[in-house]
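*Asks:* Sharing a sequence plus its predicted fold:
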Amino acid sequence: MIDFELTEAQQNIKEFLHWFAKNKMRPISLQADKEGDVPREFLTDVMGLGISSGDVFLGEAEAGEVVRDDQGRSQKARISMIASEELAWGDPALIISFPGPGLGAPPVKILGTPEQKKRFFEIFKDKSEPRWGAYALTEPGAGSDAAAISTTAVKNGDHYILNGRKCFITNGARASWIVVFATVDPKLGRDGHRVFVVEKGTPGFYPGRIEEKMGLRASETAELIFEECRVAIENLLGGEEYYEVKAKEGFKAAMKTFDATRPIVGAMAVGIARASYEIVKDWAKENNLFTSLLPRFRGLRDSLNYMEREIDAARLLCWRAAWMIDEELPNSKEAAMAKVYAAQVVANVTSKAIEIMGVHGCLWENLVEKLYRDQKVYDIFEGTGQIQRIIISRRIFESM
Ligand SMILES: Cc1cc2nc3c(=O)[nH]c(=O)nc-3n(C[C@H](O)[C@H](O)[C@H](O)COP(=O)(O)OP(=O)(O)OC[C@H]3O[C@@H](n4cnc5c(N)ncnc54)[C@H](O)[C@@H]3O)c2cc1C
């Protein structure tokens, strides 16, 4: 049975992460946004505390072990819900800039051989300098339609030669390695997909443009270029035999990654919505708007109860999708529902927050203005809102 009560250990994690978000993230949030970069000292703080991106988090869990509660149940996805909400409450651009394997972690865990997992995750144990992993699926001609990727991988002796371009890749230019989806034959569609880990410095691989964005400005979003890039066979995730038996596994790994990460993205949206809600509540209190004699009181009351209700509903959807991961249940529909709902909620809540504050909410010095810009992408990355709706309807029709 679903039980969302936090254990004592989970409550401690939540409190610690809230402290970190409040004291280490919030104070640099606006400045990092203006500069479009993350201060080096912040990255050092993140590493010093043993926090990591990827399957957020605490230290060794990165390498693929499952964190369990005292009754032996996995609580990894539950912890990632707590962490994602608290840290996105702190700052949504900084959380996705945390050093660690990031979105690259799930495909390595899903497809990688034991040797590959060890090799690619080991580098994150060294905390002497920040290191990132990245996940490169999107291309100029293949966003929502991931099956249409055209980056090619042609076998040549004990290497594959990659040619193509990836775009909008989070932490792509600074990553130590990138999980790259390519095709051995575009005519094969999904069956042709192969998943490689391309390491920084591989000949023929270089980062291109770093995007200037409306929101999440402190995070790095990069174009990646592969020109006659020679990738050793040892970097093909799962090895060649794997794809001979299970041709569709490359594409499936991309989709499984989303089932794991969409509840996380949803929980981040909840964190942003909660941050905006709290800011506007405090502002209304400071400006004595909670007096029923004011003509605007009724509108304020309606907006605040809408925000509280919707934030709770979005959180519950995310936590259910995460609970299914910990229970090892298929969760594509629930992950899509959580993501699409939370993205709508954060859009509405940040918009209402600005509505309540009027022009004050539009000032650069006001965090709500930044959160309004940051939230937009939550309905775009990890599959747009329309794509989530298609996934949900497909599952409904399948079950009829
Ligand atoms: C900040 C940021 C970070 C990102 N990080 C990464 C990353 O790390 N790795 C990575 O691989 N990608 C990343 N992306 C890319 C992101 O996943 C894509 O932008 C997303 O998948 C949408 O693709 P697209 O932008 O090409 O839009 P398109 O697919 O061109 O869609 C445009 C519009 O058409 C709609 N649409 C498309 N197909 C359909 C359909 N069949 N039915 C109905 N409507 C449809 C979409 O919903 C959307 O509204 C990132 C993007 C951003 C903005």
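*Replies:* Sure, I can see it.
*Asks:* State the phi and psi torsions of Gly100.
*Replies:* phi 140, psi 180 (degrees, to the nearest 10).
*Asks:* And for it, the neighbour number?
*Replies:* 23 (other Cβ atoms under 10 Å). Placement of C-beta: from N, CA and C, glycine included.
*Asks:* The one 5 residues further on too?
*Replies:* For Ala105, the tally of surrounding residues (other Cβ under 10 Å) stands at 29.
*Asks:* pretty sure it contacts Trp132?
*Replies:* No - counting by Cβ atoms under 8 Å, Ala105 does not reach Trp132; the two are 10.9 Å apart.
*Asks:* and Ala83, how far is that from the ligand?
*Replies:* For Ala83, the distance to the ligand equals 19 Å [Cβ to the nearest ligand atom, to the nearest Å].
*Asks:* wait, doesn't that residue sit right on Ile13?
*Replies:* Yes - proximity of Ala83 to Ile13 meets the contact threshold set by Cβ under 8 Å, at 7.2 Å.
*Asks:* neighbour count winner among those two?
*Replies:* A direct count of neighbours by other Cβ under 10 Å for Ala83 and Ile13 places Ala83 higher, at 28 against 20.
*Asks:* Show me what from the stretch 201-350 of the chain comes close to the ligand.
*Replies:* The stretch 201-350 of the chain has residues 213, 216, 221 near the ligand, with proximity defined as Cβ under 6 Å from any ligand atom.
*Asks:* show me what contacts Val184?
*Replies:* 152-155, 192, 194 (Cβ atoms under 8 Å, 6 or more residues apart in numbering).
*Asks:* residues near the residue lying closest to it once chain neighbours are set aside, how many?
*Replies:* Distances taken as Cβ to Cβ, 6 or more residues apart in numbering put Gly192 closest to Val184, at 5.0 Å, once the chain neighbours are dropped. Close neighbours of Gly192, defined as other Cβ under 10 Å, add up to 21.
*Asks:* need the contact list for Val368.
*Replies:* Going by Cβ under 8 Å, 6+ apart, Val368 touches 276, 279-280, 350, 353-354, 357, 361.
*Asks:* Let me know the closest of those to the ligand.
*Replies:* Thr350 (16.4 Å; Cβ to the nearest ligand atom).
*Asks:* How about the strand or helix carrying the closest one, which residues are buried there?
*Replies:* Using DSSP states H and E, Thr350 sits within helix 332-357. Going by neighbour count (16 or more other Cβ atoms under 10 Å), the buried part of helix 332-357 is 332-350, 352-354, 356-357.
*Asks:* go on, stretch 307-319?
*Replies:* For stretch 307-319, burial by neighbour count (16+ other Cβ under 10 Å) applies to 307, 310-311, 314-315, 317-319.
*Asks:* One more: stretch 102-122?
*Replies:* 102-112, 116-117, 119-121.
*Asks:* Name the member of the residues of the stretch 201-350 of the chain next to the ligand with the most neighbours.
*Replies:* Neighbour-wise, those (other Cβ under 10 Å) top out at Leu216, 26 neighbours.
*Asks:* who touches stretch 149-164?
*Replies:* Residues outside stretch 149-164 that contact it (Cβ under 8 Å, 6+ apart): 137, 139, 141-142, 165-166, 180-184, 186, 193-194, 196, 198, 204-205, 226-233, 236.
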